[in-house]
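In: starting from these lines, generate the structure:
(one chain, ligands or ions: 1)
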Amino acid sequence: MTKTLNTPEVPVSLADLAIYQNPYPFYEKLVAEAPIYRDPVLGLYLATGFEAIKEITEDHHRFSSVPEGHIMAIYSDHPDVLALYKAAGAYPPINTLVTTDPPEHRRYRTLVEKAIGASSSKRLTGFVAKTVEALIDAFVDEGHAEFVAEFANRLPLIVLCNMLGVGPEFKETAHALAASTTRLADGTTITHRQLLENHQIQISGQKILEKYLDKYEAEPADNLTSHLLRATLDNGERLSRREIHSVVQALLVGGNDTTPGALCNCVILLAGDPDLQQALRDDPTRIGAFIEEAMRLESPVQGMYRRANQDTEVAGTSIPAGAPILLRFAAANRDPARFECPSKLDLNRKGIRNHMAFGNGIHYCVGNILARLEVRITLERLLARLADIALDPVGHDIRYVQKLAVRNPEALPLSFRKRA
Ligand code: HEM
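Out: Residues are numbered from 1 along each chain as shown. Prediction:
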């Protein structure tokens, strides 16, 4: 059975660009009326109900994460794309982590977790704290800031590049590299020319990273690039150079398109609520709970893809074999069957971390500890150093970037007072 929506004032497709500014009425309708819904314009199945997404993300036999067709076009096998890589002596991207199923997924996940685990977390915490202070120093005396450009887009990239042990020339390329990967992955509307241009950016990034791989192959160091080269499975297997390039690309996207949204969404919630600012300033131990609720209410990763491996049924709706499915974590996170008063920020909510903002199942975000660390240190320092954080002007209409997977503010103008 294919469900239809019966409320005319709510858009019927995620292709309706107005939805990206405020997707929640659309999600609310879907969760209530059609937790699995065939989007009539995109031709995708939208999964919005918490239980429906749980079922899909916990069954990789029925539902695959391996991309097919135009979706996640980053792994293009178009002859022109392959020719581009061949001419440059570069490695065409391959599926790793988020775009693989077991047993390949287990292999990547184990090796990447080993590499991340080998890096010193104490050093990382110190570096994040130092970087947060330096970014705030740059605008604190002004009384206002554009938070996306001056902070949110910068912190995750600086931190990830530091973790990777790469220099400034890679940092400059890294943002373009991450943006080009999401552009390719969001490939529903990409032209052939854009496809080639974006792959050219991938090649430029690889060329720089290759130098660091050579360096750390010769002289091991305590950084993620070096640990990725050395991480070994019980059977002695390691990641190849080609695999490392694609893993780094996955980490860059994972870190750069998501954490900025999380940082901004927390600040937006704070900017609208002076009492909440004061409560968290008075008791910073509650910042962790606030972050979880902010992630649940305004999930930076609105959704990810899956594909049905067989004819199947979820929540009473048939899904044919091969059908693409767009999971909407952001909708599940406001499902009233799972969360009491789902639109309310509740710092005392039971099981406050049990939302799906970081996904669910085997693909649960490998960077969640890092992301939570970056957001926590940022909020602690912003609240300690700034008072009266507000949108500038108050009531400013925030515009969101229109992408299928992530929902980030385009800009976030703030005003504040410097605290003594
Ligand atoms: C607030 C920030 C973040 C959010 C909201 C977020 C969200 C997510 C979600 C929803 C998934 C599940 C994808 C799926 O099921 O298909 C995921 C997976 C992943 N994330 Fe994150 N993420 C964040 C930060 C990061 C960071 C900082 C990194 C890297 C340093 C990262 C790297 C990854 C990777 C590599 C995966 C795939 C894991 C796998 O397939 O095993 N993420 N993330």
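
In: does anything pack onto the helix or strand L157 falls within? Which helices or strands?
Out: If you go by DSSP states H and E, L157 is part of helix 155-164. The contact analysis (3 or more Cβ pairs under 8 Å, 6 or more residues apart in numbering; DSSP states H and E) places helix 155-164 against helix 121-137, helix 168-185, helix 224-230, helix 241-256, helix 259-271, helix 368-385. Yep, even glycine has a C-beta here, placed from its N, CA and C like the rest.

In: residue contacts, the closest residue to Y27 other than its chain neighbours?
Out: Nearest residue to Y27 in three dimensions, chain neighbours excluded: A331, at 3.5 Å (Cβ to Cβ, 6 or more residues apart in numbering). Taking Cβ atoms under 8 Å, 6 or more residues apart in numbering as the contact definition, A331 lies against 23, 27-28, 30-31, 48-49.

In: name the member of the residues you listed with the most neighbours.
Out: For the contacts of A331, the largest number of neighbours (other Cβ atoms under 10 Å) sits with T48, at 29 neighbours.

In: quick one, which of the helices and strands packed on helix 155-164 is nearest to P102?
Out: helix 241-256 (16.5 Å; Cβ to Cβ).

In: mind checking the pLDDT average for that closest one?
Out: Averaging pLDDT along helix 241-256 gives 90.

In: can you list the buried residues in it?
Out: Across helix 241-256, burial judged by 16 or more other Cβ atoms under 10 Å covers 243-256.

In: could you do stretch 215-235 as well?
Out: Under the neighbour-count criterion of 16+ other Cβ under 10 Å, stretch 215-235 has 215-216, 223-231 buried.

In: can you tell me which of the residues you listed lies nearest to the ligand?
Out: Of all the buried residues of stretch 215-235, L224 has the smallest distance to the ligand: 8.8 Å, by Cβ to the nearest ligand atom.

In: dump the residue contacts of the closest one.
Out: Contacts of L224 by Cβ under 8 Å, 6+ apart are 115-116, 119, 163-165, 251.

In: any part of the worst-scoring helix or strand of the chain on mean pLDDT near the ligand?
Out: Within the chain, no helix or strand scores below helix 168-185, which has a mean of 79 by mean pLDDT, DSSP states H and E. No - taking Cβ under 6 Å from any ligand atom as the criterion, helix 168-185 and the ligand are apart, separated by no less than 10.4 Å.

In: can you start the count at 12 instead of 1 from here on
Out: In the new count, where the first residue is 12, that last one comes out as helix 179-196.

In: residues in contact with that helix?
Out: Contacts to helix 179-196, defined as Cβ under 8 Å, 6+ apart, come from residues 82-85, 87, 164, 168-169, 171-172, 175, 177, 201, 205-206, 208-210, 212-213, 215-216, 219-220, 223, 260, 263-264, 266-268, 414, 416-417.

In: list only buried entries from the residues you listed.
Out: 82-85, 87, 164, 168-169, 171-172, 175, 177, 201, 206, 209-210, 212-213, 216, 219-220, 223, 260, 263-264, 266-268, 414, 416-417.

In: which of those are close to the ligand?
Out: Filtering those for proximity to the ligand (criterion: Cβ under 6 Å from any ligand atom) leaves 171, 266.

In: quick revisit: least confident pick among the contacts of L235?
Out: Ranked by pLDDT, these bottom out at S130, which has 79.
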